[in-house]
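Asker: quick one, structure for this:
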Amino acid sequence: MKTIKKITQAALVAGSMLASSAFAQVAGHNVILVHGFQMDDLSSKPSDEEVIHRQLIPEYWQQRAEARLGWNSAERVEGKISELIFQQAKQLSIQGTCSDGCVIVTHSTGDLVMRYFLAHQEMWLQDAGLQPLDIVAVLDFAGAGGGTELASLAVNVASNGSVPDWIKQAVAGVFGLSLSSDDISDLGVLQDLDVSAARNLAMMPNDIPRLRFSGSGGNFLIHQLIPGADDAVVPAHSSCGASSPEGIDSCSNQVSYSGKLTSVNGPDGLLFNHFPVLMSKNADHGQVIRDEATGAVTYVNNNFSAGLDVDFETEGKRVPWWQVWRETGRFQFIKGSDAKSVSALVYDNLNE
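Answerer: Below is the predicted model of the structure:
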């Protein structure tokens with residue numbers, strides 16, 4: 001890989017290490033956090049040391065993690081993002097952080113960043129004379145590995161010189177960006193989140209399971225810009241791990257986000273080793289990973305093993321047809337999920 005500007009070993013160590021007790025584990029494995037897209041990076045580019053030290057994943061997971069991998073949203077996945085991730089990963093290898101296996105927890109674009117890293121980390125670390133990280137599984141919350149139509153819209157509008165300025169300004173207002181020129185280089189990782197770009201980035205199959213947790217809540221107006229279900233940032237086809245970018249209404253063909261057992265427009269197929277697990281109708285993009293209860297949570301896959309053993313206690317419910325003020329039919333839920341966040345449900349279950 002290309003070398004990045006020198007970062008002190010002390011900074012790398014301090015930036016990567018979080019908690020250090022047995023409490024900071026999932027199923028006996030150390031946890032590594034990878035954050036999502038940071039809009040402010042595009043207008044105020046942080047230094048590498050700032051990136052390494054900042055804590056962007058919610059406190060709930062920070063308290064349960066051993067390390068984190070930071071990256072800069074103003075950069076590209078195949079460029080400085082992966083270069084900086086690699087520098088941090090070398091320190092984790094030297095420290096033996098994953099000697100008993102690690103579980104990676106990602107949010108949003110962290111899914112895409114990790115997909116590229118995991119596709120190459122064995123070669124990169126071996127070439128550096130180091131042991132590759134033993135990654136048992138990845139927990140992807142609101143994963144953006146399949147891209148998002150919001151990024152496609154921003155890139156298309158910014159790069160099209162024939163688009164009137166008033167339209168550019170309207171789209172810029174949605175994203176909090178400046179789209180005043182036709183130069184898209186300032187859009188950083190948004191270029192990689194364009195749906196077609198994301199779905200051509202490091203798509204080779206690998207043996208690391210990706211467990212997916214998806215929401216469909218959030219801003220109604222944003223929903224109109226994304227086909228199918230979405231969490232007001234990332235479409236279901238991405239967060240579910242669908243093999244094609246078609247608009248879908250659920251991670252399953254048999255159960256909706258609300259938990260209703262019914263025929264629904266789900267994915268025709270899934271990316272290799274991707275397993276949609278939980279769906280939350282009301283959780284938006286941030287709430288999927290925050291420790292915030294948003295109502296009953298349903299499931300797509302349960303009672304299976306993919307790097308980790310997944311076995312949620314479930315319950316069924318029937319709402320009779322005459323209760324016309326409610327969604328009626330048969331439903332399936334994770335027991336007690338209306339009082340817990342998605343993150344707490346996942347953590348508690350994997351540590352039983």
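
Asker: which residues touch the longest helix seen in the chain?
Answerer: Determined from DSSP state H, the single longest helix within the chain is helix 110-127. Under the contact criterion Cβ atoms under 8 Å, 6 or more residues apart in numbering, helix 110-127 has outside partners 1, 34-36, 69, 71, 77-78, 81-82, 85-86, 89-90, 93, 104, 106, 131-133, 135, 138, 140, 143-145, 147, 192-193, 198, 201-202, 204, 206, 208, 210. C-beta: built from backbone N, CA, C; applies to glycine.

Asker: what number of residues lie near the closest residue to R290 other than its chain neighbours?
Answerer: Counting by Cβ to Cβ, 6 or more residues apart in numbering, R290 lies nearest to P58, which is 4.8 Å off, once chain neighbours are set aside. Residues lying near P58 (other Cβ atoms under 10 Å) number 20.

Asker: P58 contacts D291, doesn't it?
Answerer: Yes - with contact defined as Cβ atoms under 8 Å, P58 reaches D291; the gap is 6.4 Å.

Asker: shared neighbours, those two?
Answerer: Common neighbours of P58 and D291 (Cβ under 8 Å, 6+ apart) are S343.

Asker: the stretch 251-352 of the chain: strands as residue ranges?
Answerer: 274-280, 297-299, 304-306, 308-310, 314-319, 329-334 (DSSP state E, counting those that start in this stretch).

Asker: which residues touch the third one?
Answerer: Residues from elsewhere that reach strand 304-306 (Cβ under 8 Å, 6+ apart): 137, 209, 211, 273, 275, 310.

Asker: quick one, what contacts the last one?
Answerer: By that I understand V310. 211, 277, 301-304, 349-350.

Asker: repeat that with 7 Å
Answerer: V310 sits next to 277, 301-302, 304, 349 when contact means Cβ atoms under 7 Å, 6 or more residues apart in numbering.

Asker: can you check the first one too?
Answerer: By Cβ under 7 Å, 6+ apart, the residues touching A137 are 103, 208-209, 211, 306-308.

Asker: tell me the bridge partners for D309.
Answerer: Note on D309: beta-bridge partners S305, judged by DSSP bridges.

Asker: what would the contacts of A137 look like in JSON lines with pLDDT?
Answerer: Supplementary listing: those in JSON lines, determined by pLDDT from 0 to 100:
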{"residue": "V103", "pLDDT": "98"}
{"residue": "I208", "pLDDT": "97"}
{"residue": "P209", "pLDDT": "98"}
{"residue": "L211", "pLDDT": "98"}
{"residue": "A306", "pLDDT": "97"}
{"residue": "G307", "pLDDT": "96"}
{"residue": "L308", "pLDDT": "97"}
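
Asker: which ChimeraX command selects the buried ones in the contacts of helix 110-127?
Answerer: In ChimeraX syntax, the buried subset of the contacts of helix 110-127 is picked out as below (16 or more other Cβ atoms under 10 Å):
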select :34,35,36,69,71,77,81,82,85,86,89,90,93,104,106,133,135,138,140,143,144,145,147,192,193,198,201,202,208,210
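
Asker: show me the contacts of helix 110-127 that map onto helices.
Answerer: Filtering the contacts of helix 110-127 for helices - DSSP H - leaves 82, 85-86, 89-90, 93, 192-193, 198.

Asker: let's see if you can find the most crowded of the contacts of A137.
Answerer: Taking other Cβ under 10 Å as the neighbour criterion, L211 ranks highest of the contacts of A137 with 26 neighbours.

Asker: residues contacting it?
Answerer: Applying Cβ under 7 Å, 6+ apart to L211 gives the contacts 137, 139-140, 275, 277, 306.

Asker: repeat for L270
Answerer: Counted by Cβ under 7 Å, 6+ apart, L270 has contacts 241-243.

Asker: quick one: mean pLDDT over stretch 341-352.
Answerer: Per-residue pLDDT over stretch 341-352 has a mean of 96.
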